[in-house]
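**Student:** Here is my input, please return the structure:
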Amino acid sequence: MYKDVNNHIHTTYSFSPYTPTQAVRKAKEAGLCVAGIVDHDSISGAREFLAEGALQEFPVTIGFEMRLYHAHTGIGNRRTNHPDQTDITYLTFHGVPHTKIDVVDRFLQPVRAARGERNRAMSTRLGLDYDSDVLPLSMHKNGGSVTERHILFALAKGDYGRLATLKSEFRDYIPAGRDECPNIDAALNFARGNGIIATYPYLGDVTKSVTGDKKAQAFEDGYLDELIAILHEMGFRAISYMPSRNTMEQLLRLRTLCEKFGMLQISGEDINSPSQSFVCMAMRDPAFSNLYDTTWALIGHEWAATRRLSDGFMSLDMSLEEKINHFSKLGRSIHNVLD
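**Tutor:** Numbering: from 1, shown residues only. So this is what the prediction gives:
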């Protein structure tokens, strides 16, 4: 029996063909042990995701993804994991305590509003009417975000294959501004104060794309040792990665650095189209068995921090190994899972 997990599923509250309910059902049908939601600039689908998880008696974890401004930090204007800008970094925020969903939503509301203005300008450049062509494709009225993919999906007239082509050839991108991308240190403080695990998603240089869908481009590998040290100094204690997106050589280097700096390792396959499998086959390599335990640790942390923030993963005075062991056992016990 495989121990498949996925902590990086998008829903209709960002860009995906799946509602939160459908995402849970698809994850369960695929044989996953745990599934996690991380919509862009939105946590509005979290309660539906949690409710369906409870109904299906299926373990789920909630979070969100957003972009932050980092040029004022030790990273400077070096490229991290954003293909289009050197001053912006993608972060994922995992294990949101359920009592903090509304707090997170208030934090993200101005981000979505600012993004909407930029989206409108890009839509106009492409000859689209933002209100009639793009917004109906989103969940914006219910607190969902609107992304570049929504714009290109409107241009592709609902064809996911053409969307992928348009995205790889997108020339009308308008850089995201500071109003849309808060300071990374402010976001870290927000996460710390609300029991949320702020996580840096590693992308890695692309030479020959492992998945065949990315153009050659340099990201973090040229200064990865320094980057992880800077992130640790800034307060990051977690790194995420997708085993199917990188070479084993890249991932072994990253994992060595995670161990050196005591970084929690989180993974999941970015799901936002119907052609993608909810199961990441690369994660079945025994080398990545640790990702199963850390996912259960997210479940345990989320439960504990929902009851009391001071009982969460980032608050307890334990070694990383002790924390993973403690919270993964807690997560399994909540769901009566034997390992």
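
**Student:** could you give me the average pLDDT of the longest strand seen in the chain?
**Tutor:** Ordering each strand of the chain by length in residues (DSSP state E) puts strand 60-69 first. Averaging pLDDT along strand 60-69 yields 98.

**Student:** Stretch 225-232 now?
**Tutor:** Here stretch 225-232 scores 97 as its mean pLDDT.

**Student:** what about it, distance to the chain center?
**Tutor:** Distance, stretch centre to chain centre, for stretch 225-232: 20 Å (CA atoms, centre = their mean, to the nearest Å).

**Student:** Same check on stretch 308-317?
**Tutor:** 22 Å.

**Student:** Name the residues of it that are buried.
**Tutor:** For stretch 308-317, a neighbour-count test (16 or more other CB atoms under 10 Å) marks 309, 311-315 as buried. C-beta: built from backbone N, CA, C; applies to glycine.

**Student:** Tabulate those residues (TSV), appending distance to residue 270, pLDDT and secondary structure.
**Tutor:** Compiled in TSV, the buried residues of stretch 308-317 are given as follows (distance: CB to CB, whole Å; pLDDT from 0 to 100; DSSP: H, G, I helix; E, B strand; the rest coil):
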residue	distance to residue 270	pLDDT	secondary structure
309	29	96	helix
311	30	96	helix
312	26	96	coil
313	23	96	coil
314	24	93	coil
315	29	93	coil
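
**Student:** how about the helix or strand where residue 25 lies: buried residues?
**Tutor:** Assigned by DSSP states H and E, residue 25 belongs to helix 20-29. Of all the residues in helix 20-29, those buried under the rule 16+ other CB under 10 Å are 20-21, 23-28.

**Student:** for stretch 220-240, same thing?
**Tutor:** Neighbour counts over stretch 220-240 (16+ other CB under 10 Å) mark 220-221, 224, 227-228, 230-232, 234, 236-240 as buried.

**Student:** returning to that earlier point: list just the nearest of the buried residues of stretch 308-317 to residue 34.
**Tutor:** Checking the buried residues of stretch 308-317 against residue 34 by CB to CB gives residue 313 as the nearest, at 15.5 Å.

**Student:** how close does the closest residue in space to that closest one that isn't next to it in sequence get to residue 268?
**Tutor:** Distance criterion CB to CB, 6 or more residues apart in numbering; nearest residue to residue 313, sequence neighbours excluded, is residue 301 at 3.9 Å. With distances taken as CB to CB, to the nearest Å, residue 301 is found 16 Å from residue 268.

**Student:** ditto for residue 243
**Tutor:** 10 Å.

**Student:** So what's the predicted local confidence for the closest residue to residue 248 other than its chain neighbours?
**Tutor:** Distances taken as CB to CB, 6+ apart place residue 287 nearest to residue 248, at 7.6 Å, with adjacent residues excluded. pLDDT recorded at residue 287 is 91.

**Student:** Run a quick neighbour tally on residue 287.
**Tutor:** Residues within reach of residue 287, counting by other CB atoms under 10 Å, total 14.

**Student:** Show me the helices in this structure, by range?
**Tutor:** Using DSSP state H, the helices of the chain run over 20-29, 46-56, 101-125, 148-155, 160-168, 184-193, 224-234, 248-261, 290-307, 320-334.
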